[in-house]
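Asker: Just a sequence and a predicted model for now, questions to come.
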Amino acid sequence: MSELEVKDLLGIEWRFSEWILHAGGLNSQNVMEYFSLSPFWDPNSNNAVLKMQTQFNALQNERMDLVHMVGIEFALVYEKAPEYFVIAKRRRYNPSRCINLSFYYILNGNIYQAPPLTLLQTSLKEVEEGFNEISSQVEYSTFKGYTWKDSSSELGTKKDEDGKFLYVKSLPSFVVVICFSSNV
């Protein structure tokens, strides 16, 4: 995958159970090999080039050689073996300078791409806006406690298939559904 090619892999969960079973579980020595089988792997990365060039000789320190290469590389940056590993995809400019491009995590053998911070920020902003909008529709009294502001045209009551009551509140950008198990 080239630098200019953007591949959206945020929604992918990848696992190869047979490989994990055959390897006897994941550990710091084999997790990068496992990761190289996933769709998150870049076959043009320095790791892949180095692996291909040294597949028939005993490479003692692959990490040391990666530090001296320029380009895209993958590195294990955190581990809590055997259930949790974090791998960084980064661009190396020289032995002392590299920039993280994305992160991947392996949780109990499943590999995921971590969402970028901008996506998390956007999601949190939308949750905050929704919370503020809902909060503006709530009233509090010492006698009744918290209740919805009374606007009977916007509030509806329905029963679901289990006989539970659903109170549906329609707000400008979304619908709030609250489910109660007791019959009201």
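Answerer: Received it, and whenever you're ready, just let me know what you need. Residues are numbered from 1 along each chain as shown.

Asker: residue ranges of the helices in this structure, please?
Answerer: For the chain, the helices defined by DSSP state H occupy 17-23, 31-35, 46-53, 62-67, 117-135.

Asker: give the contact list for Ser67.
Answerer: Small correction: residue 67 is Val, not Ser. Contacts for Val67 (C-beta atoms under 8 Å, 6 or more residues apart in numbering) come out as 92, 95. (Glycine included, C-beta is placed from N, CA and C.)

Asker: one step back: in CSV, list the helices of the chain along with mean pLDDT and distance to Val77.
Answerer: Converted to CSV, those look like this (pLDDT from 0 to 100; distance: least, C-beta to C-beta, whole Å):
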stretch, mean pLDDT, distance to Val77
helix 17-23, 97, 21
helix 31-35, 97, 11
helix 46-53, 90, 14
helix 62-67, 74, 12
helix 117-135, 84, 16
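
Asker: Just list the residues touching the most centrally placed residue in the chain, thanks.
Answerer: For the chain, the residue sitting closest to the mean C-alpha position, by C-alpha atoms, centre = their mean, is Ala114 at 3.8 Å. Counting by C-beta under 8 Å, 6+ apart, Ala114 touches 86, 102-105.

Asker: just the residues you listed now: which is nearest Trp19?
Answerer: For the contacts of Ala114, the closest approach to Trp19 (C-beta to C-beta) belongs to Tyr104, at 16.4 Å.

Asker: number of nearby residues for that closest one?
Answerer: 20 (other C-beta atoms under 10 Å).

Asker: Which residues are in contact with it?
Answerer: Applying C-beta under 8 Å, 6+ apart, we find Tyr104 in contact with 35, 40, 86-89, 111-114.

Asker: do you know how far it is from Tyr34?
Answerer: Using C-beta to C-beta, to the nearest Å, Tyr104 is found at 11 Å from Tyr34.

Asker: Which pLDDT value does the model give the closest residue to Arg15 other than its chain neighbours?
Answerer: Spatially, and ignoring its direct neighbours in sequence, Arg15 is nearest to Asn110 (4.9 Å; C-beta to C-beta, 6 or more residues apart in numbering). pLDDT for Asn110: 98.

Asker: Could you tell me how many residues sit around Asn110?
Answerer: Counted with other C-beta under 10 Å, residues neighbouring Asn110 total 12.
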